[in-house]
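Enquirer: only geometry, no sequence info:
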């Protein structure tokens, strides 16, 4: 049996514990403060085996760590009793790893595997601007766009969030796959570019973007318009797509662990 949980809604733990053999907790920034209640409830009530897959912490610039991340004790207790844990960066492993820190798998976000079937046909001097309005203000995003236009680029601007009218595949195909360069203030703008082999320029507003760049590369960081102007003047050749071996390896191992529970 398979069940998808919405972490913002109450979970019937008695039903889960009685009817399911395991839980896979996975998906991007699930360690952001908004998901704190889920982790605390899960730590207290989930009695079935757990696999944690592809999560990453969210430490926002200028804010105390406890205001942007989930309860360390609750998450660590889940990590320590999980069948296995995969995270996106060292920072997450250090913060929540506890006694199993050295056993935690660290790989690029597994969503890059989803990009394998997309073909990039870049239009000359076209960039995707992937924005995160909660981290960088609209005035700065407007300035980034205006600078790109002044340098002769066509800008495709996206929130990188799917809607009923514009799904995930539409965003990847109609923005990223048409671009020779991605400019991002949102982590998954950089991750999507990396997965497609498109170079990125990223303005970080949190540690997870810096961690991604430090671990996996694929682009360059900038902190202001002067630095961005210098980077825009450089050559931005397509890059090789990332090796998916470590991402696939964790998936194979996780499947084997779940098969043993049958």
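Expert: Thanks, I have it. Quick caveat, the model's predicted, so the values are computed rather than measured.

Enquirer: hey, let's count contacts and neighbours off CA atoms from now on
Expert: Noted.

Enquirer: and the spatially most central residue of the chain, how far is that from residue 124?
Expert: Nearest to the mean C-alpha position of the chain, by C-alpha atoms, centre = their mean, lies residue 28 at 4.4 Å. As defined by C-alpha to C-alpha, to the nearest Å, residue 28 lies at a distance of 31 Å from residue 124.

Enquirer: same thing with residue 195?
Expert: 20 Å.

Enquirer: have a look at the two and say which one is more surrounded.
Expert: More crowded of residue 195 and residue 124, by other C-alpha atoms under 10 Å: residue 195, with 26 against 12.

Enquirer: wait, what's in contact with that one?
Expert: 112-113, 115-116, 241-242 (C-alpha atoms under 8 Å, 6 or more residues apart in numbering).

Enquirer: residue boundaries of the helices in the stretch 101-250 of the chain?
Expert: 138-150, 168-174, 187-196, 207-216, 225-232, 245-259 (DSSP state H, counting those that start in this stretch).

Enquirer: show me what the first one is packed up against.
Expert: Counting contacts by 3 or more C-alpha pairs under 8 Å, 6 or more residues apart in numbering; DSSP states H and E, the secondary-structure elements packed against helix 138-150 are strand 154-158, helix 225-232.

Enquirer: for these, which one sits closest to residue 218?
Expert: helix 225-232 (13.8 Å; C-alpha to C-alpha).

Enquirer: which parts of that closest one are buried?
Expert: Neighbour counts over helix 225-232 (16 or more other C-alpha atoms under 10 Å) mark 228-229, 232 as buried.

Enquirer: tilt between it and helix 138-150?
Expert: 40 degrees (axes from the mean of the first three to the mean of the last three C-alpha atoms, to 10 degrees).

Enquirer: so for helix 225-232, mean pLDDT?
Expert: For helix 225-232, mean pLDDT rounds to 98.

Enquirer: try stretch 171-184
Expert: Rounded mean pLDDT across stretch 171-184 is 98.

Enquirer: and the contacts of it?
Expert: Identification of contacts with stretch 171-184 by C-alpha under 8 Å, 6+ apart yields 118-131, 156-158, 160, 162, 189-190, 192-193, 196, 198-203, 236-238.

Enquirer: buried residues in that stretch?
Expert: 171-172, 175-184.

Enquirer: quick one: the strands in the stretch 1-150 of the chain?
Expert: Ranges of strands within the stretch 1-150 of the chain are 23-26, 50-55, 84-87, 105-106, 126-130, based on DSSP state E, counting those that start in this stretch.

Enquirer: how much space between residue 56 and residue 62?
Expert: On the measure of C-alpha to C-alpha, residue 56 and residue 62 end up 19 Å apart.

Enquirer: look at the two and report which has more neighbours.
Expert: Remark: of residue 56 and residue 62, residue 56 carries more neighbours, 24 against 8, as counted by other C-alpha under 10 Å.

Enquirer: and the pLDDT for the residue nearest to residue 241 when sequence neighbours are not counted?
Expert: Counting by C-alpha to C-alpha, 6 or more residues apart in numbering, residue 241 lies nearest to residue 197, which is 4.5 Å off, once chain neighbours are set aside. pLDDT for residue 197: 98.

Enquirer: contact partners for residue 197?
Expert: By C-alpha under 8 Å, 6+ apart, the residues touching residue 197 are 218, 238-242.

Enquirer: drop anything exposed from those residues.
Expert: Once neighbours are counted (16+ other C-alpha under 10 Å), the buried part of these comes down to 218, 241-242.

Enquirer: between those residues, which sits nearest residue 144?
Expert: Nearest to residue 144 out of those is residue 218 (C-alpha to C-alpha; 19.9 Å).

Enquirer: since that was my last question, I'll sign off now.
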